[in-house]
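>>> Quick one: sequence and predicted model below, then my questions.
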Amino acid sequence: MSNRRDFIKKTALGTIGLGTALGANAMLKSESSKENIIKKNNKKPLIISTWNHGLPANEETWKQLKNGKSTLDAIEAGMMIPEGDPKVRSVGYGGYPDREGHVTLDACIMDHNSDCGSVSFLEGIKHPISVAKRVLQNTPHVMLSGEGALQFALEQGFKKENLLTPESEKNWKNWLEASKYKPVINIENHDTISMLVIDNDGNISGGCTTSGAAWKMHGRVGDSPIIGAGLFLDNEVGAAAATGLGEAVIRTAGSAMVVELMRQGKSPNQACKEIVERIYNKHKNHRDMEYLQVGFIAVNKQGEYGGYSLRSGFNYAVYDEKNGNRMEDSKFKMTWDN
Ligand code: ASP
């Protein structure tokens, strides 16, 4: 709200000499220019990924892009790193299971032509991002789920494996003792990995992969494999991706809305912030509010990027030519105490 008031106030000042439309326009431009602008022509490629596990993923994606691999192959290769790492407890192998002890995975990938592939509620396949890419490339569909996604993966030559590590099994058995569902996102500072890429040609693509909320009901699907919720892009405008409580992101079509706000002239930071505010307003009296965390990352066609979360603790990894691969802390609306 205060942001909106500030905007109106500043816009009103702008109109004194320049007229309303020009004032608003100048305001958007100058706000935009403060935020992470990468000068034209040296802003490509750019990679931004959620959480600390974004660093090794970015590293691999960057290497693949530099070696001339296709952007989808580069995203896949990057995201396979946290998927295969049992220490990453929220993605792929070693991810926390649902309340029945099953590790069920969600993933999606989308390219600059708006082609996309997605899998949800997939069990037993270590690299759901690869299966999502095959859905994009080898099927007439966008999304395959559950048994059908597994059947497709096996037909494509993927191997079925047990993804429940002894560590995860132990954690699950401990959880069963109280059986209280209260997903505390970012307590271990990692969750879904969502990645957005501007490639060497300036085209935008992205992907998400996750084991979803720990101790979810069997069959639960989050936002991450849903195009428009966990990930959305329009190559003419930009891209956005989410992490956090998937239910809240789905209810608000979060990533699609961030892209639409950028289309209207908002910077990536402004657009992420506005959707987080909207999610807050819709949930402040909701049962989910107690444990609600959502975070968005976004890039636009000009190479500006940003992120914003409801609560503190969200960070993302950014890789560009000028500054290399590093973590940046997201701005946020509130801390965990309020
Ligand atoms: N968005 C994911 C889900 O709800 C989890 C996360 O990113 O924390 O499945």
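Yes, it's here.

>>> and the nearest residue to residue 141 once chain neighbours are set aside, which of the three is it?
Leaving aside its sequence neighbours, residue 141 sits nearest to residue 135 (Cβ to Cβ, 6 or more residues apart in numbering; 6.4 Å). From N, CA and C alone the C-beta is placed, and that goes for glycine too. Secondary structure state of residue 135, per DSSP: H, G, I helix; E, B strand; the rest coil, is helix.

>>> distance of residue 135 from the ligand?
To the ligand, residue 135 is 18 Å away according to Cβ to the nearest ligand atom, to the nearest Å.

>>> Next up, phi/psi of residue 194, please.
phi -120, psi 140 (degrees, to the nearest 10).

>>> Could I get the pLDDT score of the closest residue to residue 335 other than its chain neighbours?
Among residues not flanking residue 335 along the chain, residue 312 sits closest, at 4.7 Å (Cβ to Cβ, 6+ apart). pLDDT, residue 312: 94.

>>> for residue 312, what are its contacts?
Listed by Cβ atoms under 8 Å, 6 or more residues apart in numbering, the contact set of residue 312 reads 332, 334, 335, 336.

>>> try residue 100
residue 218.

>>> any idea which element it lies in?
Counting by DSSP states H and E, no helix or strand carries residue 100.

>>> Check what pLDDT it gets.
Residue 100 carries a pLDDT score of 96 in this model.

>>> roughly how far apart are it and residue 266?
Residue 100 sits at a distance of 42 Å from residue 266 (criterion: Cβ to Cβ, to the nearest Å).

>>> Out of the contacts of residue 312, who's the most crowded?
Highest neighbour count within the contacts of residue 312, by other Cβ atoms under 10 Å: residue 332, with 19 neighbours.

>>> Contact partners for it?
Contacts of residue 332 (Cβ under 8 Å, 6+ apart): 308, 309, 310, 311, 312, 313, 314.

>>> which stretches of the stretch 51-200 of the chain form strands?
Along the stretch 51-200 of the chain, the segments classed as strands by DSSP state E, counting those that start in this stretch run 104-110, 116-123, 143-145, 193-198.

>>> hang on, residue 179 packs against residue 99?
Yes. Assessed by Cβ atoms under 8 Å, residue 179 is found in contact with residue 99 at 7.0 Å.

>>> of those two, who's got more company?
Neighbour count, other Cβ under 10 Å: between residue 179 and residue 99, residue 99 has more, with 16 against 8.

>>> Apart from its chain neighbours, what residue comes closest to that one?
residue 215 (4.9 Å).

>>> Regarding that neighbour, what is its secondary structure?
Going by three-state DSSP: residue 215 is coil.

>>> what's the burial count for it?
By other Cβ under 10 Å, 20 other residues sit near residue 215.

>>> and it, what pLDDT?
pLDDT, residue 215: 92.
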